[in-house]
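Participant: The following comprises the amino acid sequence and a computationally predicted model.
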Amino acid sequence: MNSDEKEDCECAPPQAETSPTRGPYREYEEPEIENPEASRIWKHENYSHLYHSSHIEVLVMMITLDSGNTYNLLCLTSECRKRAAAKHLIERYYHQLTEGCGNESCSNSWCASSVGFNRMDNNAAAVKALELYKVNAKLCDPHPSKKGTASAYLESSAHSNSACSNRKMNHKDVHSVRDNFKDVTYLTEEKVYEILDICGENEDYSPLIRVIGRVFSSAEGLVQSFRRSKPHTKEELKSLQGKDEDKDEDEKEAATCSATAMEEDSPASSSSSRLGEGSSGENDVQKLAPDEVSVDIEAVRRVYERLLSNEKIEAAFLNALVYLSPNVECDLTYHNVYSRDPNYLNLFVIVMENNNLHSPEYLEIALPQFCKAMSKLPLAAQAKLARLWSHYSAEQIRRMVETFQQLITYKVISNDFNSRNLVNDDDAVVAATKCLKIVYYANVLGGDLDVEHNEEEDEEPIPESSELTLQELLGEERRNKKGPRVDPLETELGIRTNDCRRPLILFEEFVNEPLNEVLEMDKDYTFFKVETENKFSFMTCPFILNAVTKNLGLYYDNRIRMYSERRITVLYSLVQGQQLNPYLRLKVRRDHIIDDALVRLEMIAMENPADLKKQLYVEFEGEQGVDEGGVSKEFFQLVVEEIFNPDIGMFTYDERTKLFWFNPSSFENEGQYTLIGIVLGLAIYNNCILDVHFPMVVYRKLMGKKGTFRDLADANPVLYQSLKELLEYEGSVEEDMMITFQISQTDLFGNPLMYDLRENGDKIPVTNENRKEFVAQYAEYMLNKSVEKQFKAFRRGFHMVTNESPLKYLFRPEEIELLICGSRNLDFLALEETTEYDGGYNRDSRIIKEFWETLHSFGEEQKRLFLQFTTGTDRAPVGGLGKLKMIIAKNGPDTDRLPTSHTCFNVLLLPEYSSKEKLRERLLKAITYAKGFGML
């Protein structure tokens, strides 16, 4: 048998003299070793990092069946069968060491089922299996509990044996096919189809598997693959896609070659020493747009579509990715390879086109390693990927989101994360989240963007406290002095999340609920504030958090800021002898609540704005209630009722939309609107929900975006519909409608006010050509210019309280509304599920069952009154009533007394009434006439 024939036999051992050990981690060749046994050991050590599925294959190739010179044996059919039998025995030893026989009382010391057996990893088990085979050690018979596994395993072995003995191909032909592809170091679409056709004709897909293993495990090879060239003609594309894929595969070749492809033919892929040094296409990088890469993405998709239908070929992609990822991570971490060759990004583009990345086979090792490598990309590379993916369709973006979300969910569910084992310390979850951020910004970039209509910054800076902060007192610089945090990738891309009016896929699809459930928010917030490289905070990726989790993070931030202000006050009282005043105290009269509150807040805002960041403490004159949160809730509700009273004239009310809007002709000065902004900021800061009804455009404006035509849809739907019909009108606008660039409004007293959208607007007719400008100017006036003074003052007051808060960083406008107003959906069934009981009551108590039956029978308005009576607000918190922790406590036996409540702690004190009718009557009276606070 000549050397060519030896190489073609699947079971023949490798030739030590002529086959250098090459793999994606090696840059050196196998040393010359005279001792064959030593040579075999050296080989195994070099392959000890192989993926689990290839352990046995490699060991079988190294086995010595005879004490003589095995390399001179003829590969006869009988010899092939002997080797297959040897492989089968080694595999049985391996499974015995890793899985055991299933017999709990097994006495075999080399069986994983025996008592006292020391577990070993896959590599150690593979080595031990070889040793046990050599000494003909005892093999256990499979226990009945393991029969299913054993039978499947034996069937697989029998199949491989028959495949080896029934080889039909001509050895010389096989060698010539393989030899022809050994010089393939990168792939093109045409080359893949060429190899695929030859493999189909010969019914042997091992050459293709070997090439895929070699190229896809090499960073250098993958970077050079599938480069864009001249566009194909229609005839060429038709020819390429019309080629039939042979369904008959040689399953034995596919199974064994997926692992050995990297072993025998892979070039050294530590590409950091070569990438960027004269690589083809490097000069083309300068010609590429910021959102372009040199890889032909459509060609990659066509190739994947044809190849991934074959399970054995797919295994080659999986194994290659396991080899590739650690090298890529090393290149990016230590060798700065992207700066030398920006084409390195091609690698990530090609891998991410694999539609099977989210399948279970990838989740254990391959995808986590790839995510770690991808997370090491420099900021410029991440931005380029985001720009490229922004041109993808919504379905393609969704596929990538699902890939990373699946990995995060899999890791969260398969691990027991808690306060001691933080999810923040899981490298795979952190890396997948960082990768998901790139897709998130691609989703924003690819959506409907509005980067032009931005609110102007306040001309006057928000006054800072005249007093030193705690950090400055301790000799440290003040944190966040330059304003709220901004994501670096956001800055690199030059966009903000709020610029996106409609993303490619919904923002909610980026939220991972299992992650939110195991996230220890107090720890995560600490990592967020400290900003160390060693600890990752999910608050830096707020898109993955739901509103409830983000609200908790904001709560921690607000509380810590309150405690900081409190400590500063204590320091000043000790150092300068000032009066100790650690709270923002407001003493008000119910009948003059607006005058008392706003005057006091105005004085604080002028003298020392930092006091606004102290914890609010409200006291109603003549009442005994101690403010532990409940009194503040009622204070905010009463203030909001007064401020938004149409009789005051600061806001207008639309009966159709049930929404308030700034009154452009209000007689109130700007200071009054500033104070209203302060009240809204204080409500968020003190975790209070307000019954405020603003259109969404108000929250967009608070986040820095101006109102546009589309914002009129909810702010003024009648005007929006009229302008929309104007834009869609097919006739002559000038002749049929006879409108000009002058519009009219009515003031508070019904008097008409004229306004020119353009200079001499009454003389400029609206035509089919300029109607878009007319609509844009109309919306600009209604939403921005007409209320400019009022809104600027309002925003200024809001930012006095929230300017150093991560509010803008964490929340989108619709989430800000939820934060201020709470949820409008009142689910009392969810409240019943989460309610706790005290004082002798429990879920099965008679009075409790009657209470819930009574409450569920109430109408919507009565339910809101009950919520107001018990919690201090008639709105549900962020996340719904299920997030409200209400307690019902026993308040004595049957009595004529009414139920009472501690709104600070959401506690209802309920006497044990004798009948359901009495319970209903007493409860209705309590919630209907509840006002004021007293001491019990």
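Facilitator: Now that the structure is in, tell me what you want to look at.
Participant: For the protein, spot the helix or strand the model is least confident about on average.
Facilitator: helix 36-46 (a mean of 38; mean pLDDT, DSSP states H and E).
Participant: Do a quick rundown of the strands in the stretch 351-500 of the chain.
Facilitator: 448-449, 500-502 (DSSP state E, counting those that start in this stretch).
Participant: Tell me the confidence at the residue nearest to residue 590 when sequence neighbours are not counted?
Facilitator: Leaving aside its chain neighbours, residue 590 sits nearest to residue 620 (6.0 Å; criterion: C-beta to C-beta, 6 or more residues apart in numbering). To be clear about C-beta, it is placed using only N, CA and C from the backbone, and glycine gets the same treatment. pLDDT, residue 620: 84.
Participant: centroid residue for the protein?
Facilitator: Most central in the chain under C-alpha atoms, centre = their mean is residue 544, positioned 3.6 Å from the mean C-alpha point.
Participant: For the closest residue to it other than its chain neighbours, give me its contacts.
Facilitator: Spatial nearest neighbour of residue 544, chain neighbours left out: residue 512 (5.3 Å); criterion: C-beta to C-beta, 6+ apart. Counting by C-beta atoms under 8 Å, 6 or more residues apart in numbering, residue 512 touches 405, 408-409, 412, 544.
Participant: and if you look at residue 131?
Facilitator: Applying C-beta under 8 Å, 6+ apart, no residues qualify as near residue 131.
Participant: And it, how far from residue 514?
Facilitator: Using C-beta to C-beta, to the nearest Å, we find residue 131 at a distance of 43 Å from residue 514.
Participant: repeat for residue 342
Facilitator: Separation of residue 342 from residue 514 (C-beta to C-beta) stands at 36 Å.
Participant: and these two? which has more neighbours close in?
Facilitator: residue 342 (21 against 16; other C-beta atoms under 10 Å).
Participant: mind listing what's buried in the helix or strand harbouring residue 123?
Facilitator: Here residue 123 sits within helix 122-134, counting by DSSP states H and E. Using 16 or more other C-beta atoms under 10 Å as the test for burial, helix 122-134 gives 122-123, 125-130, 132-133.
Participant: again, but for stretch 393-408
Facilitator: Those would be 396-401, 403-408, for stretch 393-408 by 16+ other C-beta under 10 Å.
Participant: cool, and stretch 112-122?
Facilitator: Going by neighbour count (16+ other C-beta under 10 Å), the buried part of stretch 112-122 is 112-114, 122.
Participant: just stretch 854-866 next, same as before
Facilitator: Using 16+ other C-beta under 10 Å as the test for burial, stretch 854-866 gives 854-855, 858, 863-866.
Participant: next one: stretch 335-351
Facilitator: 335, 337-338, 340-351.
Participant: go on, stretch 759-776?
Facilitator: For stretch 759-776, the neighbour count (16+ other C-beta under 10 Å) marks 761, 764, 766, 770-771, 774-775 as buried.
Participant: Please dump these into a markdown table; it should also carry secondary structure for every row.
Facilitator: Shown next, in a markdown table, are these (DSSP: H, G, I helix; E, B strand; the rest coil):
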| residue | secondary structure |
| --- | --- |
| 761 | helix |
| 764 | coil |
| 766 | coil |
| 770 | coil |
| 771 | helix |
| 774 | helix |
| 775 | helix |
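Participant: who touches residue 368 in this structure?
Facilitator: Applying C-beta under 8 Å, 6+ apart, one finds that residue 368 lies in contact with 407, 411, 427-428, 431-432.
Participant: Residue 443 now?
Facilitator: Residues near residue 443 by C-beta under 8 Å, 6+ apart: 390, 397, 401, 503-505, 510.
Participant: mind listing the helices for the stretch 51-200 of the chain?
Facilitator: Taking DSSP state H, counting those that start in this stretch to define them, one finds helices in the stretch 51-200 of the chain at 55-62, 77-98, 122-134, 147-165, 171-181, 189-202.
Participant: all strands of the stretch 501-650 of the chain, in order?
Facilitator: Using DSSP E, counting those that start in this stretch, the strands found in the stretch 501-650 of the chain span residues 583-588, 615-620.
Participant: Let me have those in TSV, extended by mean neighbour count.
Facilitator: What follows is the strands of the stretch 501-650 of the chain, written out as TSV (neighbours: other C-beta atoms under 10 Å):
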stretch	mean neighbour count
strand 583-588	18
strand 615-620	20
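Participant: could you dump those strands to CSV with distance to residue 692?
Facilitator: Converted to CSV, the strands of the stretch 501-650 of the chain look like this (distance: least, C-beta to C-beta, whole Å):
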stretch, distance to residue 692
strand 583-588, 19
strand 615-620, 17
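Participant: on that earlier part again, just name the most buried of the strands of the stretch 351-500 of the chain.
Facilitator: Mean neighbour count (mean count of other C-beta atoms under 10 Å) peaks for strand 500-502 among the strands of the stretch 351-500 of the chain, with a mean of 15.
Participant: roughly how far is that strand from the heart of the chain?
Facilitator: From the chain centre to the centre of strand 500-502 is a distance of 18 Å (C-alpha atoms, centre = their mean, to the nearest Å).
Participant: Parallel or antiparallel, list what pairs with that strand.
Facilitator: strand 448-449 (antiparallel) (DSSP bridges).
Participant: low-confidence ranges in the stretch 701-850 of the chain?
Facilitator: 748-749 (pLDDT under 70).
Participant: those helices in it, which residues are they?
Facilitator: So, for the stretch 701-850 of the chain - with DSSP H, counting those that start in this stretch - the helices run 712-715, 717-728, 733-737, 771-783, 788-802, 807-810, 813-821, 828-834, 846-857.
Participant: So which bits of the first one are buried?
Facilitator: The reference is to helix 712-715. Buried, per 16+ other C-beta under 10 Å, within helix 712-715: 712, 715.
Participant: cool, and the second one?
Facilitator: Buried residues in helix 717-728, counted by 16+ other C-beta under 10 Å: 720, 723, 726.
Participant: Next: stretch 829-848.
Facilitator: For stretch 829-848, burial by neighbour count (16+ other C-beta under 10 Å) applies to 830-832, 835, 837, 841, 847-848.
Participant: Ok, stretch 631-643 next?
Facilitator: For stretch 631-643, the neighbour count (16+ other C-beta under 10 Å) marks 631-640, 642-643 as buried.
Participant: Take the helices of the stretch 701-850 of the chain and write them to a markdown table, including distance to residue 100.
Facilitator: Formatted as a markdown table, those follow (distance: least, C-beta to C-beta, whole Å):
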| stretch | distance to residue 100 |
| --- | --- |
| helix 712-715 | 65 |
| helix 717-728 | 70 |
| helix 733-737 | 83 |
| helix 771-783 | 72 |
| helix 788-802 | 61 |
| helix 807-810 | 50 |
| helix 813-821 | 52 |
| helix 828-834 | 45 |
| helix 846-857 | 53 |
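Participant: So which of the contacts of residue 512 is the closest to residue 365?
Facilitator: Within the contacts of residue 512, the smallest distance to residue 365 is 15.8 Å, found for residue 408 (C-beta to C-beta).
Participant: isn't that closest one right next to residue 515, touching?
Facilitator: Yes: Residue 408 lies in contact with residue 515 (C-beta atoms under 8 Å); the separation is 5.8 Å.
Participant: shared neighbours of the two, which are they?
Facilitator: 429, 544.
Participant: Quick one: the helices in the stretch 201-350 of the chain, in order.
Facilitator: According to DSSP H, counting those that start in this stretch, the stretch 201-350 of the chain carries its helices in the segments 206-216, 219-224, 234-242, 251-265, 297-307, 311-334, 337-340, 345-352.
Participant: mean pLDDT for those: which is lowest?
Facilitator: Looking over the helices of the stretch 201-350 of the chain, mean pLDDT reaches its minimum on helix 251-265, with a mean of 44.
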